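Colleague: Could you work out the structure for the sequence below:
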Amino acid sequence: MEITSLELAALTDKRPHGIDIPIYASTTSMIVSQEVFDIINSIYNIENHKQIVISSSDPLKTQEELEKLVGTDMNIFNFHSARQEEEGMILIMSIFGYGFISLITLISIANIFNTISTSISLRTREFGMLKSIGMTPKGFRRMINYESIFYGIKALLFGLPISFGIMYLIYRELAGAFDYPLDLPWMHIIGVIVGVFFIVGLAMLYASSKVKKANIIDALRSENI
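Modeller: Purely as a prediction, here's the structure:
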């Protein structure tokens, strides 16, 4: 005799108290009555484990009392202690992860400022020539703004496809262990796009502010090697 069909009696979005259901892509968990379980057990001879779930306002004290009462005859698992250990591990990983990300971000920002400042400094003579033939401060600002936009677009044209490719590879690597769709973090992506234009624009303004103060004659005489 085999069970070929099951009737779904109800749905719930809350896990029943005391039920620890493992969540795996290849696992299906069912909650049935004792009568139904006895029928299924008589057919498939399921290994039966009994457990008692206790809610307590002081989990650590309750665990100590239970250990004194039952000794080593029962396996006592404290969800509170396990959760504290997991939260501590997550905190440590977050500190190292965000610290590493912050360090890489600061190094990248410093490189952007250094590269753009050097590029603008090497073009001092070019800017002097443009001013000598009638470029106004407004026109100079407009040129710098356009260059900032082009720098940002060029950076995103390289960065975004590489980022999407890495996210897809990570998804493919984890797809065998977890069943979830590929969901791109669009809000974070938009934040990164805005951040790129902001940092590039700020670097261009910082570098161009030095060029603005330069005298036209001195700029034309400058030689950059």
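
Colleague: Can you give me the distance of Asn78 to Ser57?
Modeller: 14 Å (Cβ to Cβ, to the nearest Å). From N, CA and C alone the C-beta is placed, and that goes for glycine too.

Colleague: same question but for Ile95, I mixed them up
Modeller: From Ile95 over to Ser57 the distance is 30 Å, taken as Cβ to Cβ.

Colleague: And the two? Which one has more around it.
Modeller: Residue environment comparison for Ile95 versus Ser57 gives the larger neighbour count to Ile95, 10 against 6, counting by other Cβ atoms under 10 Å.

Colleague: For the more buried one, which residues are in contact?
Modeller: Residues in contact with Ile95, defined by Cβ atoms under 8 Å, 6 or more residues apart in numbering, are absent; none qualify.

Colleague: which SSE is it in?
Modeller: helix 79-122 (DSSP states H and E).

Colleague: what's the answer for Asp38, then?
Modeller: Assigned by DSSP H and E, Asp38 belongs to helix 34-44.

Colleague: Any buried residues in that helix, and which?
Modeller: By neighbour count, and taking 16 or more other Cβ atoms under 10 Å as the criterion, helix 34-44 has no buried residues at all.

Colleague: what's the average pLDDT for that helix?
Modeller: What helix 34-44 shows for mean pLDDT is 78.

Colleague: That helix - contacts with which helices or strands?
Modeller: Under the contact definition 3 or more Cβ pairs under 8 Å, 6 or more residues apart in numbering; DSSP states H and E, helix 34-44 sits against no other helix or strand.

Colleague: which residues touch the helix or strand following it?
Modeller: Following helix 34-44 in sequence order, the next helix or strand is helix 59-70 (DSSP H and E). Counting by Cβ under 8 Å, 6+ apart, helix 59-70 makes contact with 54, 56, 74, 76, 78-81, all of which sit outside it.

Colleague: tilt between helix 59-70 and helix 79-122?
Modeller: Orientation note: helix 59-70 sits at an angle of 140 degrees relative to helix 79-122 (axes from the mean of the first three to the mean of the last three Cα atoms, to 10 degrees).
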